[in-house]
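# One predicted model, sequence on top.
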Amino acid sequence: MAILPVNQPKTNMKPYFLLSALLTLLSFQAPALANNASNTPPGRYCNPRYNFCLMYPEAVFTEKHSSSNDDGIVLMSTDRDVILRVAGYYNIMGWSPEEEMADFQSALQEQFKEKLELITQHSTEEGLEATFKAGHISIYCLIVAHGDSFVCLEMRTNLKKKFDPSHAIPMLLEDVKLEHVE
């Protein structure tokens, strides 16, 4: 039996054992945390003027700019590779969501010229959505009609040609939700 000095702990192994156990636990948890952005609390923006709320991954969209007339918000990723805009506005022309989407596409066509390509367009429970490609940039648009107004969610990705898989539209849409509130 070894005799230990009074002020020395009985074993030096305990802190290393705890550290080792913690590192082992984290090695199993880290891939799950890295691959699942929903483990972070979502950001939330609500607009009482147009009765909608937007949930978004705060880990991605770190920069926020509200509009001066309280119609929406612009969110950007830290690296400015992704921009998300959501805004409400009155349907002064009395258009259908299809006509509004055609106007949105026309504005994109002016901006991107022959580079613009419509990838998909279809109706959903929420409204009319479309995905476009303009060179390396992907653009998603959701237009929702609420009474006498529209809410438009627009997301542009790959602005910096990073081709980050976590910035792909389908991945981002898993954590971006637009909902109507009363």
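That came through, no problem.
# rest of the way, CA atoms for contacts and neighbours
Fine.
# packing partners for the helix or strand where Leu153 lies?
Assigned by DSSP states H and E, Leu153 belongs to strand 149-157. Strand 149-157 is packed against strand 82-90, strand 137-146, with contacts defined by 3 or more C-alpha pairs under 8 Å, 6 or more residues apart in numbering; DSSP states H and E.
# Quick check: which of those is nearest to Ala102?
strand 137-146 (10.8 Å; C-alpha to C-alpha).
# one step back: reformat the helices and strands packed on strand 149-157 as a markdown table; add distance to Asn47 and mean neighbour count.
Shown next, in a markdown table, are the helices and strands packed on strand 149-157 (distance: least, C-alpha to C-alpha, whole Å; neighbours: other C-alpha atoms under 10 Å):
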| stretch | distance to Asn47 | mean neighbour count |
| --- | --- | --- |
| strand 82-90 | 8 | 20 |
| strand 137-146 | 13 | 22 |
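# and the ones you listed as a markdown table, adding mean pLDDT and distance to Met101?
Output for those, formatted as a markdown table (pLDDT from 0 to 100; distance: least, C-alpha to C-alpha, whole Å):
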| stretch | mean pLDDT | distance to Met101 |
| --- | --- | --- |
| strand 82-90 | 96 | 14 |
| strand 137-146 | 95 | 7 |
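# Show me the one of those strands that comes nearest Glu117.
strand 137-146 (9.7 Å).
# May I have that closest one as CSV, with CA atoms only?
The C-alpha coordinates for strand 137-146 follow below in CSV (Å, rounded to 0.1, in the frame of the first residue of the first chain):
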residue,chain,number,x,y,z
ILE,A,137,-27.1,32.3,-57.9
SER,A,138,-30.2,30.4,-56.7
ILE,A,139,-33.4,32.4,-56.0
TYR,A,140,-36.5,31.1,-54.1
CYS,A,141,-39.8,33.1,-53.9
LEU,A,142,-43.0,32.3,-52.0
ILE,A,143,-45.9,34.6,-52.5
VAL,A,144,-48.9,34.3,-50.1
ALA,A,145,-52.1,36.2,-50.5
HIS,A,146,-53.8,37.4,-47.2
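# In its sheet, which strands sit next to that strand, and in what direction?
strand 128-134 (antiparallel), strand 149-157 (antiparallel) (DSSP bridges).
# so which of the ones you listed comes closest to Arg85?
Closest among the strands paired with strand 137-146, once you apply C-alpha to C-alpha, is strand 149-157, at 5.1 Å.
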